[in-house]
Structures are given as structure tokens and as C-alpha cells.
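**Q** Sequence first, predicted coordinates after that:
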Amino acid sequence: MGIESIVRRAHYSDGVYAALSSTVEVSVPIEPSDEQPPDPQELYYNLLRHRFQLLRSTLKCAPPAEAIEALDAQHPISLPDDSKHARQEWRWLLQTVDPHMVQIACMHPEDVLRVLTLVTRSISDAVKSGEVVRVKRLAAWAWGLLARCREVGEMGSEEVADIRELGKRAVKILLKVREVEEQDAVDIQQNSGENGENVIGRAAEDISDQIECEDMRSKEQQNGLLNDYPMVDTGSDPVAQVDDALANEKDELEEAKARLQARLASTFSDDISGTGAQGGSEDAAGDDEERNEREDQAAELRKQTRAMLDMIISISGEFYGQSDLLEFRDLWEEGDRGWVQ
């Protein structure tokens, strides 16, 4: 309870009001407020809803003609339903090119839903890649495309089902991430080599095959046909080609690094012990720096992944009638370092 100091310049007694010769300080107790501080997570969701509504209103406006003409080939505004080549191209763009507001504003709602279907199928691949930039880019695509969709009351049941599948996919990956984190909690403490990047990547990899099978069955049930977008063989998928090239290059670099380290070890084997000790200290410092960098990248990957999944669940649940998915969102907890998921 606080104390507030006020100044009295007069006194009232027995019906007489008399001025005091000097000011008198009187201590008055301040009643504690019953108001609770705002919940940071609720404040975040309020801001998320406000920004989404603002983006939705902006995307409804027709862009200037010169802005539309300025769009390049990497920012298409349509996705034909019967074009496998266009689907492959879009799948590549979702991984390599950031969305443009003019591009999304020009897209037809049906094309938006088709691209959202590709986003749904790309979530596990983006998370499994371990690349923060890919996760952030796919989150931006999901954010913009969801804002370009029609109001839920203007959509058919099949269109709403596409958005629900996106939300369900996010829930499934988030639940798997939690499961893997719980299973590896003890291992993380005992083995410093295990980090959040491995946890996130393993969670996405564990459910990848299951998701692909579900996609096949879902497409067969809807169309009575085989999946019109089968998994592309690595030899013909431009993304897989780039991934393979990067993997081969990484292997070559690792081999060269190993040879260089062996040569350096042989060169310094005849040096005096003091020089060797100094070199060992520098190597240890380099290892620590590399380990810290990996841990920072893993923490950033974990943060961006959970933010993307939470956003998808929140928007699909609060704006497109999938409120049953909201209960699966992360709950923030207050710790020594502030509020965390």
C-alpha cells in the first residue's frame, strides 16, 4: 500500500472553517488497484488480428496499372488447375521468391486457394530444411494468401476445407515438435551436440511420409482419380537438383576441410609444445564460436517455425471458422528471461 502526500491549507471543526497558519502534510493511504496487468499473449493476438484485417483491406484495393506491369516472371498471378508445370513452378517460387503485395492483390480467389494448397504441402519441407529464410518466406506467403481469400461466408465448403487442411497441417507439425522436444529433453541436457534445429527437423521428417500418403488419399476421395500432382522424381525436380548440388558441394567441402586439418596437424607436429598449446587453444575457441553460432541458428529456426505455425492456426481458426484448432496453440509462460512459448 502506497502513501500519498497532500497539502491542507484549512481546517473544518464544529461548523467553523478556519485557515491554517501554515501548510500541513497529511499522509493518505492509496488503495491497491484490482486491475490485473494485460496478458502479453492476448495483446499479441489482438495485434495479429488487427494487422490481418488491415492487410485484408489493403489487398482488396486494385493496384495501379504501372505496378502491375512492373511484375516480373517470378511473380505470376495465376495457377491453372490443370497445369502440372505451373504447379511445379509455383512450388519452386514458394521456396525461392518472396511474395509481392501487388502480385497477391491481382490474384483470383480460386488461384489463391490453389497456391494455398501448395503451401500446405510445403510446410514440412520448409521446416525440415533447417533454413530460417525458407521458413520465414513460406510464412509470408501463407500470411498474404490467407488475407486475399474471400470472407468465410462467401466461400463454399470445399474452399473452406482447403483452409482447414492448412490449419490441420500446422497443428500436426506443432504437436510433433512438442513430442520430439519432450522425448529429447534429457538427451539435450546430456549431449550438447543436440540442438533445436535437430528437434525441429526430426519432427518434420517424422511426419513427412504420413502427410504425403494423406495427400494422396484425400485427392483420390475428392476427384475419384489419382493425385494430379504426384511427387516429382528428384531427377526432374529443380528444387531437388539444387538440394543435391548443395549436398554434394557440402560433402566436398567437408572432405577438403578434413584433408586440410590432417595436413595442418602433420605440419605442426614438430613444433615446440608451447606453440602447439597455443594452436590448440585457438582451435578450441573456434569450436566454441562455431557451436554458439549453430545454437543461435537453431534457436532462431525454432522461433520462426513456431511463429509460422501459430499464425496459421490463429488465422484459420479466428477468421475462417476453424475455432476447434485454436486450443492447440502454444501457451506462453513467464520465466526469468521474460515470456516464452
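**A** Yep, it's here.
**Q** drop to CA atoms for contacts and neighbour counts, all remaining ones
**A** Will do.
**Q** Buried ones in stretch 153-161, by neighbour count?
**A** 159-160 (16 or more other CA atoms under 10 Å).
**Q** so how far is the first residue of it from its last?
**A** 13 Å (CA to CA, to the nearest Å).
**Q** Name the SS class of residue 145, please.
**A** Per DSSP: H, G, I helix; E, B strand; the rest coil, the secondary structure class of residue 145 is helix.
**Q** nearest residue to it other than its sequence neighbours?
**A** What sits nearest to residue 145 in space, not counting adjacent residues and going by CA to CA, 6 or more residues apart in numbering, is residue 112, at 6.0 Å.
**Q** what's the answer for residue 308, then?
**A** Using CA to CA, 6+ apart, the closest residue to residue 308 is residue 139 (5.3 Å).
**Q** which stretch of helix or strand covers that neighbour?
**A** Secondary structure assigned from DSSP states H and E places residue 139 in helix 132-148.
**Q** Pull the residues that contact that helix.
**A** Helix 132-148 has contacts (CA atoms under 8 Å, 6 or more residues apart in numbering) with 52-53, 55-56, 59-60, 94-99, 101, 104-105, 109, 112-113, 115-116, 119, 123, 126-127, 297, 300-301, 304-305, 308, 311-312, 315.
**Q** Of those residues, keep whichever come out buried.
**A** 52, 55-56, 59, 94-95, 98-99, 104-105, 109, 112-113, 115-116, 119, 123, 126-127, 297, 301, 304-305, 308, 311-312, 315.
**Q** ok, back up a step: quick check: which element contains the residue nearest to residue 145?
**A** Counting by DSSP H and E, residue 112 is part of helix 109-129.
**Q** on contacts alone, who are the packing partners of that helix?
**A** Counting by 3 or more CA pairs under 8 Å, 6 or more residues apart in numbering; DSSP states H and E, the packing neighbours recorded for helix 109-129 are helix 84-96, helix 132-148, helix 157-183, helix 196-223.
**Q** and those, which one is worst for confidence?
**A** Mean pLDDT per stretch puts helix 196-223 lowest among the helices and strands packed on helix 109-129, at a mean of 60.
**Q** since we're on residue 44, how many residues are nearby?
**A** 11 (other CA atoms under 10 Å).
**Q** how far off helix 132-148 does the host helix or strand of it point, in degrees?
**A** Residue 44 is part of helix 40-59 when elements are defined by DSSP H and E. Relative orientation of helix 40-59 versus helix 132-148 (axes from the mean of the first three to the mean of the last three CA atoms, to 10 degrees): 60 degrees.
**Q** Mind giving me the packing neighbours of the next helix or strand after helix 40-59?
**A** Next in sequence after helix 40-59, counting helices and strands by DSSP H and E, comes helix 65-69. Other helices and strands packing on helix 65-69, by 3+ CA pairs under 8 Å, 6+ apart, are helix 101-106.
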